[in-house]
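>>> Below are the sequence and a predicted model; questions follow.
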Amino acid sequence: MMLAWLPAILHAQDVQEITADGEKAILSKPAIEAIGARNADVIIVEYFDYNCPYCKKFASTLRTLMAGDPKIAALYKDWPVLGDVSVYAARSALAAQWQGKYLIAHDALLGGPRLSQNAQVDSVLGRAGVDLGSLKRDRARHAEEIDAELARIDSEADALGIRGTPSILVGRLLVSGIVDAHDMQALIAQVRQGK
């Protein structure tokens with residue numbers, strides 16, 4: 001559905017409005033809690049892959065938005081669609097939560113180079129301060145939980161018709177592809193106005 005009030009640049013992208021029930025389902029019981037404002041009036045959900053160059057670029061846009069707006073939060077959805085190393089990276093980042101280091105792992109993997117080998121993922125995480133011995137044990141010990149979360153995210157993406165990363169949900173507005181800070185601010189303003 002094309003939404004007439006969208007900024008002109010967003011008309012070229014695939015923007016959809018999801019149902020209130022769909023939004024509620026996406027926000028319910030996340031494996032990783034949202035970061036940012038505790039009482040956010042807008043939650044930005046990002047479906048991403050650690051090897052997606054556009055996701056790497058959007059990470060800095062999202063950090064800037066959150067630093068400048070104390071009423072937004074971000075909920076990350078690890079959706080590894082770019083191969084086996086992406087799956088290993090997502091499983092590793094999710095396993096890092098048992099050390100209290102998901103966000104450290106997330107930022108290190110998105111802020112680093114393209115990942116071509118599992119050993120490279122471990123190296124990036126080790127340099128970021130993740131205990132690799134604990135990480136290996138947690139990947140094994142919590143494999144069922146991690147796999148269930150990745151399957152849940154994959155099902156969400158399929159239900160939404162998402163075809164690639166990043167895909168960004170701002171309130172109930174789903175945008176496929178990268179969005180710059182200006183257009184993100186416009187989307188946030190529209191959500192706040194109740195459109």
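Okay, I see it. Numbering: from 1, shown residues only.

>>> okay, CA-based contacts and neighbour counts for the rest of this
Noted.

>>> Flag every buried residue along whichever helix in the chain runs longest.
Counting by DSSP state H, the longest helix found in the chain is helix 143-160. Residues of helix 143-160 classed as buried: 146, 149-150, 152-154, 156-157 (neighbour count, 16 or more other C-alpha atoms under 10 Å).

>>> That one packs against which elements?
For helix 143-160, the elements it packs on are strand 72-78, helix 84-95, judged by 3 or more C-alpha pairs under 8 Å, 6 or more residues apart in numbering; DSSP states H and E.

>>> can you give me the strands in the chain?
Ranges of strands in the chain, per DSSP state E, are 15-17, 35-36, 42-48, 72-78, 167-170, 173-176.

>>> Please name the strands paired to the last one in the sheet, noting orientation.
Spelled out, it's strand 173-176. Here strand 173-176 has these sheet partners by DSSP bridges: strand 15-17 (antiparallel), strand 167-170 (antiparallel).

>>> Touching the longest helix of the chain from outside, list them.
18, 26, 31, 47, 77-79, 91, 94-95, 139, 163 (C-alpha atoms under 8 Å, 6 or more residues apart in numbering).

>>> Pick out the most distant pair among those residues.
Ile18 and Arg139 (33.2 Å; C-alpha to C-alpha).

>>> higher neighbour count, these two?
Arg139 (21 against 15; other C-alpha atoms under 10 Å).

>>> ok, the residue nearest to the more buried one when sequence neighbours are not counted to Ser134 distance?
Using C-alpha to C-alpha, 6 or more residues apart in numbering and skipping residues adjacent in sequence, the residue nearest Arg139 is Ala95, 5.2 Å away. Ala95 sits 9 Å away from Ser134, going by C-alpha to C-alpha, to the nearest Å.

>>> what about the two, which has more around it?
Per other C-alpha under 10 Å, whichever of Ala95 and Ser134 has more neighbours is Ala95, with 26 against 14.

>>> Report pLDDT for that one.
We have a pLDDT of 98 for Ala95.

>>> my guess is it contacts Gly133, does it?
No: applying C-alpha atoms under 8 Å as the test, Ala95 and Gly133 come out as separate, 11.5 Å apart.

>>> list residues touching both of those two?
Common neighbours of Ala95 and Gly133, using C-alpha under 8 Å, 6+ apart, do not exist here.

>>> picking that back up, and the longest helix of the chain with strand 72-78, angle?
If you take axes from the mean of the first three to the mean of the last three C-alpha atoms, to 10 degrees, helix 143-160 sits at 110 degrees to strand 72-78.

>>> what bits of the protein have low per-residue confidence?
The chain contains residues with pLDDT under 70 at 1-14, 195.

>>> just to revisit the earlier point, so which of the contacts of helix 143-160 is the most crowded?
Top of the contacts of helix 143-160 by neighbour count (other C-alpha under 10 Å): Leu94, with 28 neighbours.

>>> Excluding sequence neighbours, find me the nearest residue to that residue.
For Leu94, ignoring the flanking residues on the chain, the nearest one in space by C-alpha to C-alpha, 6+ apart is Tyr102 at 6.1 Å.
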